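**Q** turn this into a model:
(chains A and B)
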There are 2 protein chains.
Amino acid sequence: MSEESHTSRPNPSAIPGAVVSRLSLYLRELQHLIATGKETTSSSQLGRRLGFTDAQVRKDLAHFGHFGHPGIGYKCVELIGEIRKILGTDREWQVALVGVGNLGRALLGYRGFVQQGFRIVMAFDTDSAKVGTEIEGVEVSHLSQLGEVLKAKKIELGMVAVPAAMAQSVTDEFVAAGIKGIVNFAPVTLQVPEGVSMVGVDLARELEQVTFTVANKLANLNDQ
Amino acid sequence: MSEESHTSRPNPSAIPGAVVSRLSLYLRELQHLIATGKETTSSSQLGRRLGFTDAQVRKDLAHFGHFGHPGIGYKCVELIGEIRKILGTDREWQVALVGVGNLGRALLGYRGFVQQGFRIVMAFDTDSAKVGTEIEGVEVSHLSQLGEVLKAKKIELGMVAVPAAMAQSVTDEFVAAGIKGIVNFAPVTLQVPEGVSMVGVDLARELEQVTFTVANKLANLNDQ
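**A** Below you'll find the predicted structure:
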């Protein structure tokens, strides 16, 4: 525990999404450093394996407060705690998943969620062969029970892992049930009312980041 | 076909990753507009459902050339073609997947890849129960054959969908086989030599984006 809180509470809409996304990367890197026995680190060490400059790391963190110690740098455990506080993951979040096809099953078994404080506690589907079963220790209920179960269990986050054509109607049901945050894995853009936070995970985007680099490097080589 | 090429070829390392990532979003939105019968669009329409200003859209596209037409705006089909050219997805990419657990199976069945021009043509695993089978029409070979098969088939992209502990060694095998671009789905940071492009997909990051917004909104409400 530190004597004083170092973090200033941000207005979430004033912080670019890219900064928040990099905080997640810094958190992972700090967790990796701890796992390899490092107790303190620096902006340049934190950025190095991620390909960011030390100036970028300092600028990103400066949005939220002062975290370094003179002559020491960052204390890994302390900075992990502060970043978790900023990201809201200094506590566990309960998540409801809709859709237990291949992708839903993969999400139920994805160890990266639990590591970061996310627990999928309920799953929903419309397939009667799946309803009533347990997958990775999580019970599958019929989608028609979504609203009732979410309210009873006070679940705050929803994950959409259904085919694109069903994704908006599932999202509408999440919103009607009072869910405040939704992560969409269907390859389609969805509409939510103001006050509900939504992020889309489009698995092809990362591939496009890679082809952008590979294709343009190849093209530049051919130009020379 | 346009009379002249509008795109200027970028140096990929000079373009922020966030810009490339937004190009993917613009591409999806344009594809959605086409699907709903729209032939032309504007910066503000393109940005609206994504939550970006028209200035942001114009600035992002200006990195790569001039795409609008006076009095018309953007022609959807034309801009789709230009963005695909920039992203390198104006042709199909063949992808090799290592790891056919739940996540690997989900990736093999993910329709968003084929829609954007990515075809997983080979899968690899070490589990003898899986080797020799076909999943979603893709043959599963033993991991020991990776190098040989990649060279024979001229596959340029690799996907890592193995547990974190195996991810670096699989990545090393991809690199040794001459793969130029890798997408990593294991929740761990991996090292690649210069000249190999790698993007990590950390599925918890999107959840953290959502909790960042939800947690800070709640906290700000409680402060009032």
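**Q** run through who's touching the helix or strand hosting A:Glu173.
**A** For A:Glu173, the element it lies in under DSSP states H and E is helix A:164-176. Helix A:164-176 is touched from outside by A:96, A:98-99, A:143, A:146-147, A:150, A:158, A:160, A:162, A:182, A:184, A:186-188, A:190-193, A:196, A:198, B:111, with contacts defined as Cβ atoms under 8 Å, 6 or more residues apart in numbering or on different chains. (C-beta placed from N, C-alpha, C; glycine too.)
**Q** stretch A:121-140 and chain B in contact?
**A** No. Using Cβ under 8 Å from any Cβ of the partner chain, stretch A:121-140 stays clear of chain B, coming no nearer than 8.5 Å.
**Q** and what of stretch A:38-58?
**A** Yes. Using Cβ under 8 Å from any Cβ, stretch A:38-58 comes into contact with chain B via A:Arg49, A:Leu50.
**Q** mind listing what's buried along that stretch?
**A** For stretch A:38-58, a neighbour-count test (16 or more other Cβ atoms under 10 Å in any protein chain shown) marks A:Thr40, A:Thr41, A:Ser43, A:Gln45, A:Leu46, A:Gly47, A:Phe52, A:Gln56, A:Val57, A:Arg58 as buried.
**Q** give me every residue that touches the first one.
**A** Neighbour list for A:Thr40: A:Ile72, A:Gly73, A:Tyr74, A:Lys75, A:Cys76 [criterion: Cβ under 8 Å, 6+ apart].
**Q** do the fifth one as well
**A** Contact analysis of A:Leu46 by Cβ under 8 Å, 6+ apart lists A:Tyr26, A:Glu29, A:Leu30, A:Phe52, A:Asp54, A:Val57, A:Tyr74.
**Q** can I assume the last one is in contact with A:Ser44?
**A** No. With the criterion set as Cβ atoms under 8 Å, A:Tyr74 and A:Ser44 do not qualify as a contacting pair; they are 11.1 Å apart.
**Q** next one: phi and psi at A:Gly200?
**A** phi -100, psi 130 (degrees, to the nearest 10).
**Q** now the nearest residue to it once chain neighbours are set aside, which residues is it bridged with?
**A** Spatial nearest neighbour of A:Gly200, excluding adjacent residues (Cβ to Cβ, 6 or more residues apart in numbering or on different chains): A:Asn184 at 4.6 Å. On the basis of DSSP bridges, A:Asn184 is bridged to A:Val160, A:Gly200.
**Q** so for A:Asn184, what's the pLDDT?
**A** A:Asn184 is assigned a pLDDT of 93 by the prediction.
**Q** neighbours around it, how many?
**A** 26 (other Cβ atoms under 10 Å in any protein chain shown).
**Q** can you tell me which residues contact A:Phe67?
**A** Per Cβ under 8 Å, 6+ apart, neighbours of A:Phe67: A:His6, A:Leu61, A:Tyr74, A:Glu78, A:Leu79, A:Glu82.
**Q** can you tell me the helix or strand for the second one?
**A** For A:Leu61, the enclosing helix or strand under DSSP H and E is helix A:54-62.
**Q** again, but for the third one
**A** Using DSSP H and E, the secondary-structure element containing A:Tyr74 is strand A:74-75.
**Q** isn't A:Thr89 right next to B:Glu208, touching?
**A** Yes. Counting by Cβ under 8 Å, A:Thr89 touches B:Glu208, with 6.1 Å between them.
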